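> predicted model, plus sequence, below.
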Amino acid sequence: MLKFYQMVMKAIELYISKVGNIRLVKTIMKNLINTLDKTMKVKLYETALFMVFYFSLNNNQIGVLNLRNDNLYQIALAGVFTAFGIVLPMMFHVLGLGSTFLPMHIPVLLSGFFLDAPAAAAVGALTPILSSVFTGMPPAFPVMPYMVFELAAYGYATSFMYKKLHKNVYISLVCSMIFGRIVSGAAVWMLTAFFGAKFQGPLAFIIAGIAKGLPGIAIQLIFIPAVVLLLQKYQMRATGRDTLEP
């Protein structure tokens, strides 16, 4: 593993400094990915970051991301948000605080500010599915199905409000939260009516979820706008652009 991490540091050093032979960097990153396929000791978020480097290098560009290739940008960034949507809740669930602080919501909501609506919706839908498969959280039934619809709605609505309607961060965030909870209520009704899931009525479920998740909602309203603004400033500075549009 020591040799593996030495390879990582060398690749990142070459990548960030924008020096060295591009083919050499590609070779190093291919070796990294082959190593990832053979070991279970590399964490999921590390894999996501390495894949971003590799996708960018494969497009023969040196930089944070090649923003001129929209498909590359969407796929790579969606992978990062999905990975963090799996890793972040693990830290909270260890303390039994997952349903209170809603950690899985944060990467999904963030994705809506940087991805197109379909890609952000895909992040929202895939994150609880993959998290359930890899970590057992959320439970496959009945929690995971309604979370798929709820988080997909968060991602889609955030991107639609922010990137299509050009609303500010706070309006986009609040509207997506409202829309996502309405969708979750509809999903709960369907699960109860057609699949025998044992939930409260949709309205009672939404109210109870909001009441229990108030600390998480407060964190989202404070933390997410700050992160969005910081990432936007960094990304524009790194790319020399005055806009984040690819």
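Great, that's in hand.
> which parts of the chain are strands?
Under the criterion DSSP state E, the chain carries no strands.
> low pLDDT regions in it?
For the chain, the stretches flagged by pLDDT under 70 are 1-70, 72, 93-94, 96-99, 235-246.
> I'd say residue 149 and residue 183 touch.
Yes - using CB atoms under 8 Å, residue 149 makes contact with residue 183 at a distance of 5.2 Å. Any C-beta I mention is one placed from the backbone N, CA and C, and that applies to glycine too.
> now do the phi/psi pair for residue 138.
Phi and psi for residue 138, reported as degrees, to the nearest 10, are phi -80, psi 160.
> nearest spatial neighbour of it, skipping sequence neighbours?
By the measure of CB to CB, 6 or more residues apart in numbering, the closest residue to residue 138 outside its immediate chain neighbours is residue 144, 4.8 Å from it.
> now do residue 89: how many residues are near it, please.
25 (other CB atoms under 10 Å).
> wait, what's in contact with the nearest residue to residue 171 once chain neighbours are set aside?
Excluding the flanking residues, the one nearest residue 171 by CB to CB, 6+ apart is residue 161, at 6.6 Å. Taking CB atoms under 8 Å, 6 or more residues apart in numbering, we find residue 161 in contact with 112, 167, 171, 172, 175, 176.
> possible to save those residues as TSV with distance to residue 135?
Converted to TSV, the contacts of residue 161 look like this (distance: CB to CB, whole Å):
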residue	distance to residue 135
112	23
167	34
171	33
172	29
175	30
176	25
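> most neighbours among those residues, which one?
Within the contacts of residue 161, most neighbours by other CB under 10 Å means residue 112, with 30 neighbours.
> from residue 80, how far out is it?
Applying CB to CB, to the nearest Å, the value for residue 112 to residue 80 is 14 Å.
> residue 184 reaches residue 203, doesn't it?
No - using CB under 8 Å, residue 184 makes no contact with residue 203, being 11.5 Å away.
> neighbour count winner among those two?
The neighbour count for residue 184 versus residue 203, taken as other CB under 10 Å, is higher for residue 184 (22 against 11).
> got the contact list for the more buried one?
Residue 184 neighbours (CB under 8 Å, 6+ apart): 146, 147, 149, 150, 153, 205, 206, 209.
> any idea which of these is closest to residue 89?
residue 147 (10.8 Å; CB to CB).
> is it true that the closest one touches residue 138?
Yes - Residue 147 is in contact with residue 138 according to CB under 8 Å; the separation is 5.6 Å.
> identify the contacts common to the two.
residue 128.
> which of those two has more neighbours?
Higher neighbour count among residue 147 and residue 138: residue 147, with 25 against 22, using other CB under 10 Å.
> residues contacting the more buried one?
So residue 147 contacts 104, 128, 138, 184 (CB under 8 Å, 6+ apart).
> want to throw these into JSON lines with distance to residue 76?
Output for the contacts of residue 147, formatted as JSON lines (distance: CB to CB, whole Å):
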{"residue": "104", "distance to residue 76": "20"}
{"residue": "128", "distance to residue 76": "21"}
{"residue": "138", "distance to residue 76": "26"}
{"residue": "184", "distance to residue 76": "29"}
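> of the residues you listed, which belong to helices?
Within these, residues falling in helices by DSSP state H are 128, 184.
> ok, the contacts of residue 147 vs residue 89, which is closest?
Among those, and counting by CB to CB, the member closest to residue 89 is residue 104, at 4.7 Å.
> could you check the distance from the closest one over to residue 194?
Note on residue 104: its distance to residue 194, by CB to CB, is 25 Å.
> neighbour-wise, which of these two wins?
Using other CB under 10 Å as the criterion, residue 104 and residue 194 rank with residue 104 on top: 28 against 8.
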